[in-house]
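Visitor: Got a sequence here, can you model it:
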Amino acid sequence: MQPVIYQQLNNRPDLKHFIRMNPEWYRKLTRNPDELKEMEKAAKVFYGKTIPQRMERLSDQMQMVTMLIQLAGAMKD
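Guide: Residues are numbered from 1 along each chain as shown. I've put the predicted structure just below:
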């Protein structure tokens with residue numbers, strides 16, 4: 001692996017963990033270091049940091065809060 005790629009992985013612990021969990025990316029980066037951006041995109045999906053994933057999590061949390069409010073209202077009566 002090229003020293004630049006290795007240094008970047010050391011600077012970003014999340015990418016380092018991702019590459020350890022998905023060793024196929026280690027092989028891809030060793031053969032073609034230009035795929036670093038693709039690996040970062042795959043890591044975002046892996047960690048749930050894409051905008052659609054965040055929106056879904058926010059929606060789930062809002063539904064939970066709504067249910068808790070309804071439950072509190074029902075227990076009050």
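Visitor: Quick check: which ranges of this protein have low pLDDT?
Guide: By pLDDT under 70, the chain has no low-scoring segment.
Visitor: Go through stretch 42-57 and flag the buried ones.
Guide: Residues 42-43 are the ones in stretch 42-57 that count as buried (16 or more other Cβ atoms under 10 Å). Bear in mind the C-beta positions are built from the backbone N, C-alpha and C, glycine included.
Visitor: Return the distance of that stretch from the chain's centre.
Guide: 5 Å (Cα atoms, centre = their mean, to the nearest Å).
Visitor: mind listing what residue 28 touches?
Guide: 35, 38-39 (Cβ atoms under 8 Å, 6 or more residues apart in numbering).
Visitor: Repeat the analysis, applying 6 Å as the threshold.
Guide: Listed by Cβ atoms under 6 Å, 6 or more residues apart in numbering, the contact partners of residue 28 are residue 35.
Visitor: Distance of it relative to residue 51?
Guide: Separation of residue 28 from residue 51 (Cβ to Cβ, to the nearest Å): 25 Å.
Visitor: One more: residue 69?
Guide: 27 Å.
Visitor: Ok, residue 67 next?
Guide: From residue 67 to residue 51 the distance is 25 Å (Cβ to Cβ).
Visitor: Now the spatially most central residue of the chain: phi and psi?
Guide: Taking Cα atoms, centre = their mean as the criterion, residue 47 is the residue nearest the geometric centre of the chain, at 1.7 Å. Main-chain torsions, residue 47, degrees, to the nearest 10: phi -90, psi 0.
Visitor: could you list every residue that touches it?
Guide: So residue 47 contacts nothing (Cβ under 6 Å, 6+ apart).
Visitor: what about the helices in the chain?
Guide: 3-11, 13-21, 23-31, 36-47, 51-76 (DSSP state H).
Visitor: How about residue 40, nearest residue that isn't a chain neighbour?
Guide: residue 15 (6.9 Å; Cβ to Cβ, 6 or more residues apart in numbering).
Visitor: ok, now which ones touch residue 5?
Guide: By Cβ under 6 Å, 6+ apart, the neighbours of residue 5 are 29, 33.
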